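Chemist: Have a look at this fold, sequence not included:
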């Protein structure tokens, strides 16, 4: 595509004044663009290029089309001009000639600014230089851009501004739109995969009546009619498992989750997760499902299982499986299978300079060793399973080893991507764990408002069948499959601190 020189630059204040004066002139002459309600678009740029791919240089098609888009460049050459429009699919060149458009319409075209939204009708042809174009016979200003596009129209590179003004980012950086088109594809493929496995998509409440005892901190709000403090959900798990109790054997939810915690490259206070639950299977069934799902989605979205993420080659076709004890032994040299007491684990943690958890039990210290020595090494897809019960309050205990649970997490590029259990369905055990979890939270933070969800315990008392459950972050998966370095790159409107 030809590169056109943008309009001559002038100080921003002058540009703003000139654009508003142009709008005022349009309004006074009865040509207010903001009164136009529609335009008969019948083709997009990419479709047009595909349809007329065989059109030869200097050949006319004899076909008239209607296009609309944002003018991204303009080159005035006396009685004839070229411009480029950017529509919802891509860019297309238009050719505007005074003799064909008419004197008044051509004069109005010359007054247009970069960023204006226009509609045009005309014949498709190919220029002598080989660029497919539209010879405009009718042109309509559909929206006046009162602010100029940034950085001489060559793109917006300041990431802070890009995240704050995503609308501008999408206009001037077409590859950004590609990321979000791919995000939509990923969500569609995830739903298609789960629907094909017999799962039913459901919706559960975002506003919940109280804070549960989990470690994630919630956002609070207030329901005026009920005069009740409420919490934005930190997970969808407990409601979904109520549905399993009710006989809906395979359910999932694509849900917005809210956690009042830190922000970094992989964390945003609100994010999208998928949680799914399947009756009559266990965490190993979930492990098999994850591997098949990841391979299917990657192949359908990327066309390959060998992807590159931030310069690293990732093979989604091969998945390693290790217990947490095996992984800690491999990367730290410490064999927790040989440790018999909390005191011994505390001593080894001090020897290895591993930070002690708030409640320093052997299981909790094992998890700290994993964080300290293992996670950074898990570049290729890896399942880590058999987690300590101290860090797994909703997972079923491992038969023969009640200090461990049937739980796994899976890691890629040293990042946790998902979490799964054989779900705890013993209401007595679950009640005890919930009460301990809440008590531990309140002992560390007396102002904590966490409560035990006794209604969930009641649900379990009606009988939860053996169930496998999985939760994973959609945003991290999108980051992986679009090679995006930050979660902010895959959220259209990430959380930002106000400028004031």
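Modeler: Received the coordinates, thanks. Computed from a prediction, not measured in an experiment: that's the story for all the values here.
Chemist: those strands in the stretch 301-450 of the chain, which residues are they?
Modeler: 306-309, 312-315, 320-323, 382-388, 397-398, 401-412, 415-422 (DSSP state E, counting those that start in this stretch).
Chemist: Let's have those in a markdown table, adding distance to residue 285.
Modeler: Where C-beta positions appear, they are placed from N, C-alpha and C, glycine not excepted. As requested, the strands of the stretch 301-450 of the chain are exported to a markdown table (distance: least, C-beta to C-beta, whole Å):
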| stretch | distance to residue 285 |
| --- | --- |
| strand 306-309 | 26 |
| strand 312-315 | 23 |
| strand 320-323 | 14 |
| strand 382-388 | 13 |
| strand 397-398 | 16 |
| strand 401-412 | 11 |
| strand 415-422 | 9 |
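Chemist: With respect to these, which exhibits the lowest mean confidence?
Modeler: Lowest mean pLDDT within the strands of the stretch 301-450 of the chain: strand 397-398, at a mean of 93.
Chemist: and it, what other elements does it pack with?
Modeler: strand 401-412 (3 or more C-beta pairs under 8 Å, 6 or more residues apart in numbering; DSSP states H and E).
Chemist: Any chance you could list what contacts the strand it packs on?
Modeler: Contacts to strand 401-412, defined as C-beta atoms under 8 Å, 6 or more residues apart in numbering, come from residues 282-283, 286-287, 290, 309, 314, 316, 319, 362-363, 375, 378-389, 392, 395-398, 416-422, 480.
Chemist: so where do the helices sit in the stretch 151-300 of the chain?
Modeler: 159-164, 166-172, 174-196, 237-245, 283-302 (DSSP state H, counting those that start in this stretch).
Chemist: So which of these is nearest residue 31?
Modeler: Nearest to residue 31, of all those, is helix 166-172, at 23.9 Å by C-beta to C-beta.
Chemist: For that closest one, name the packing helices and strands.
Modeler: Using 3+ C-beta pairs under 8 Å, 6+ apart, the elements in contact with helix 166-172 are helix 159-164, helix 174-196.
Chemist: Mean pLDDT lowest where, among those helices?
Modeler: What stands lowest among the helices and strands packed on helix 166-172, in mean pLDDT terms, is helix 159-164, with a mean of 88.
Chemist: So which elements touch that helix?
Modeler: helix 166-172.
Chemist: in the helix it packs on, what's buried?
Modeler: Residues of helix 166-172 classed as buried: 166, 168-169, 171-172 (neighbour count, 16 or more other C-beta atoms under 10 Å).
Chemist: Same check on stretch 193-202?
Modeler: 193-194, 199.
Chemist: Next, report how far it is displaced from the centre of its chain.
Modeler: Stretch 193-202 sits 20 Å away from the centroid of its parent chain (C-alpha atoms, centre = their mean, to the nearest Å).
Chemist: Name the residues that touch it?
Modeler: 191, 240, 243, 248, 250-254, 274, 276, 278, 289, 292-293, 296-297.
Chemist: Just the buried residues from the residues you listed, in PyMOL please.
Modeler: Buried residues among those (16+ other C-beta under 10 Å), as a PyMOL selection:
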select buried, resi 240+243+250+251+252+253+254+274+276+278+289+293+296+297
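Chemist: now the closest residue in space to residue 423 that isn't next to it in sequence: how far from residue 283?
Modeler: Counting by C-beta to C-beta, 6 or more residues apart in numbering, the nearest residue to residue 423 once its immediate chain neighbours are dropped is residue 467, at 4.2 Å. Separation of residue 467 from residue 283 (C-beta to C-beta, to the nearest Å): 10 Å.
Chemist: Now for those two: what residues contact both?
Modeler: By C-beta under 8 Å, 6+ apart, the residues touching both residue 467 and residue 283 are residue 422.
Chemist: circling back: and which of the buried residues of helix 166-172 is nearest residue 304?
Modeler: residue 169 (27.8 Å).
Chemist: got the contact list for the closest one?
Modeler: 156, 161-163, 176.
Chemist: For those residues, work out which two are farthest apart.
Modeler: Farthest pair in the contacts of residue 169, by C-beta to C-beta: 161 and 176, 12.6 Å.
Chemist: out of the two, which sits in the busier spot?
Modeler: Comparing residue 161 with residue 176 by other C-beta atoms under 10 Å, the one with more neighbours is residue 176, at 18 against 14.
Chemist: That one and residue 170 touch, don't they?
Modeler: Yes: counting by C-beta atoms under 8 Å, residue 176 does reach residue 170; the two are 5.6 Å apart.
Chemist: And residue 347, what's its pLDDT?
Modeler: At residue 347, pLDDT is 97.
Chemist: One more: the one 5 residues further on?
Modeler: You'll see residue 352 listed with a pLDDT of 96.
Chemist: I'd like to know how many residues surround residue 426.
Modeler: Other residues near residue 426 come to 13 when the count uses other C-beta under 10 Å.
Chemist: Contact partners for it?
Modeler: 396, 460.
Chemist: That one and residue 353, how far apart?
Modeler: Separation of residue 426 from residue 353 (C-beta to C-beta): 38 Å.
Chemist: shaky segments in the protein?
Modeler: 1-9, 151-157 (pLDDT under 70).
Chemist: same thing but at 80, please
Modeler: 1-10, 151-158, 213-215, 500 (pLDDT under 80).
Chemist: any idea which residue sits dead centre in it?
Modeler: In the chain, the centroid-proximal residue (C-alpha atoms, centre = their mean) is residue 475; its distance is 3.5 Å.
Chemist: Go ahead and confirm that one touches residue 489.
Modeler: No: look at residue 475 against residue 489 with C-beta under 8 Å: they stay out of range, at 9.6 Å.
Chemist: The longest strand seen in the chain: partners in the sheet, and parallel or antiparallel?
Modeler: The residue-count maximum for a strand in the chain (DSSP state E) belongs to strand 60-77. Strand 60-77 sits in its sheet next to strand 80-86 (antiparallel), strand 117-126 (antiparallel), going by DSSP bridges.
Chemist: Now distance to residue 496 and mean neighbour count too, for these, in JSON lines please.
Modeler: Formatted as JSON lines, the strands paired with strand 60-77 follow (distance: least, C-beta to C-beta, whole Å; neighbours: other C-beta atoms under 10 Å):
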{"stretch": "strand 80-86", "distance to residue 496": "26", "mean neighbour count": "20"}
{"stretch": "strand 117-126", "distance to residue 496": "27", "mean neighbour count": "21"}
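Chemist: Kindly reformat those strands as CSV containing distance to residue 270.
Modeler: Below are the strands paired with strand 60-77 laid out as CSV (distance: least, C-beta to C-beta, whole Å):
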stretch, distance to residue 270
strand 80-86, 30
strand 117-126, 31
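Chemist: Can you say which of these is nearest to residue 259?
Modeler: strand 80-86 (37.0 Å).
Chemist: Run through the neighbouring helices and strands of the very next helix or strand once past that closest one.
Modeler: Once the chain leaves strand 80-86, the next helix or strand it forms, by DSSP states H and E, is strand 91-97. With contacts taken as 3+ C-beta pairs under 8 Å, 6+ apart, strand 91-97 sits against helix 45-51, strand 60-77, strand 80-86, helix 103-110, strand 117-126, strand 132-143.
Chemist: would you list the ones you listed in TSV and tack on distance to residue 406?
Modeler: Formatted as TSV, the helices and strands packed on strand 91-97 follow (distance: least, C-beta to C-beta, whole Å):
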stretch	distance to residue 406
helix 45-51	49
strand 60-77	54
strand 80-86	52
helix 103-110	69
strand 117-126	57
strand 132-143	57
